Structures are given as C-alpha cells and as structure tokens.
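Enquirer: Okay, sequence plus prediction incoming.
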Amino acid sequence: MLKKIVDTIFKNFHYKLLAVIFSFLLWFLAAKQEFIVLTVKLPVKIITPATVNVASYEPEKLTVEVEGTKKSIEFIKKEGELYINLPAHFTKDNGTITLPVNLSMLTLKPQLPDISIRSVKTKTITLKLEKVIEKLTPVKVVLTGKNRHKFKAKIVTPNYVTVYVPQSKAAEVKLVKTEPINTDNLKTSATIYAKIESPYRTFPESVKVKLIRR
C-alpha cells in the first residue's frame, strides 16, 4: 500500500516539479508588477515661449500622487521630472505671479506606459517672470590649436546676431562667441560654419567664418 502511494507521488515527478516552478514564477512576476499608489516629490521645470523668461520659482519640487508598478515608481523617484507649460495668458506678465497647479498642465518625464499622476498635492507655484528682449550682438570667432596664430578670421557672415536675452541680463551681454574652431588640421585658408555658443537663444544659430592663413 505504501509503495503504491509513493509510486503515485513520484510518477511523472519532473512534470510536477516544473509545474510548481512555473506557478512560482507566475506568482513572482505578478507580485513584481503589482500596481501601487505613492506620494513622491519631484523636481519641476517650467516651459515658456521665447518672449518670457523664468528668473526663479518656488518650490523647485512638487508633491504628486503617482500610480504604477513598484519598479517604475522606484525609477521615477530617482530620475523623474515634472514639466509645466506656462499658460499663454501668463506670458505677457512681468514680475512675480502665483500659478495654480493642476493635473492637466503637468507632464511626467520620462514617460512610462505603466505609471501615471493621480493627483497634485502642491497647489501653487510662485514664478518670477521677466520679458525677453532682442539684442543685436557682435560675434567673436574663437580659434584653438597650435596653429591658431597662423590664421585670421577675415570675414564672418553675419558678424552680428540677434540674442534673445532676459531684460535684466541685457546689459551683461556684450558679445557672443563661436564654438572653438580647431586650426590644427587646416593647411590653407578655409571657410567654416561655426555654431554660436551662448546661454541664450540666438538667431541665426551659426555663422560662416572665412579663415585666412597669415
């Protein structure tokens, strides 16, 4: 009788063992993908049109309630950022404003398919706005390399660019520079397109530089 019971238990034992392991894996994956709701505090960035600049804002982090898998929420806690697109009617303001924060104006990045914002705990954010003005600014060509003294920027087209600079910073912007142009690989005169390096938006974003060998 005992032998019969033992034979029944161990009959096709490897199939039964695989079934147990498979069931455990399914349970483990299901537990790992369990959705939870958690309140997190994430850094926020303000997106504005070219006509206005955000000088500062407070708070720099917003508290939101998110729903998603444990794995995704842990990732968002470390790498996540919130973006607010400034509503159009605020772009004409100059000074300090208090912006009501609601769910519709928030974008969570990186965007993951298994996580979403359920609610916003931070109700307002205070912004200091200032107008952006256009300033025509001369371009300085930057040459690098051992041969830089053998070349001269003869013609820069255009030699002035428009810089879109916050009004409070306009007096500080005297000129803009090109990205460094390495002359080590140049043997003769050459024409090069160089990008403008500036913390502010410029138009155009690059200039044509005609280098003459001395």
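Expert: Good, I have the coordinates. Residues are numbered from 1 along each chain as shown.

Enquirer: any idea how far the strand ranked longest in the chain is from the chain center?
Expert: The longest strand of the chain (DSSP state E) is strand 124-140. From the chain centre to the centre of strand 124-140 is a distance of 20 Å (Cα atoms, centre = their mean, to the nearest Å).

Enquirer: Does anything pack onto it? Which helices or strands?
Expert: strand 52-58, strand 95-100, strand 160-166, strand 176-178 (3 or more Cβ pairs under 8 Å, 6 or more residues apart in numbering; DSSP states H and E). Backbone N, C-alpha and C define where each C-beta goes, glycine included.

Enquirer: which other residues reach stretch 86-103?
Expert: By Cβ atoms under 8 Å, 6 or more residues apart in numbering, the surrounding residues in contact with stretch 86-103 are 46-49, 51-52, 54, 62, 84, 105, 117, 119-120, 122-131, 167.

Enquirer: out of the residues you listed, which are buried?
Expert: 46, 48, 52, 54, 62, 84, 105, 117, 120, 125, 127, 129-130 (16 or more other Cβ atoms under 10 Å).

Enquirer: What segments of this structure are helices?
Expert: 2-10, 13-32, 70-79 (DSSP state H).

Enquirer: Could you export the last one as PDB, CA atoms only?
Expert: Coordinates of the C-alpha atoms in helix 70-79 are reproduced here as PDB (Å, rounded to 0.1, in the frame of the first residue of the first chain):
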ATOM      1  CA  LYS A  70       6.800  49.300  -7.900                       C
ATOM      2  CA  LYS A  71       9.700  49.100 -10.400                       C
ATOM      3  CA  SER A  72       8.600  52.100 -12.400                       C
ATOM      4  CA  ILE A  73       7.800  54.200  -9.400                       C
ATOM      5  CA  GLU A  74      11.200  53.500  -7.900                       C
ATOM      6  CA  PHE A  75      12.800  54.600 -11.200                       C
ATOM      7  CA  ILE A  76      10.600  57.800 -11.300                       C
ATOM      8  CA  LYS A  77      11.600  58.600  -7.800                       C
ATOM      9  CA  LYS A  78      15.300  58.700  -8.900                       C
ATOM     10  CA  GLU A  79      15.000  60.000 -12.500                       C
END
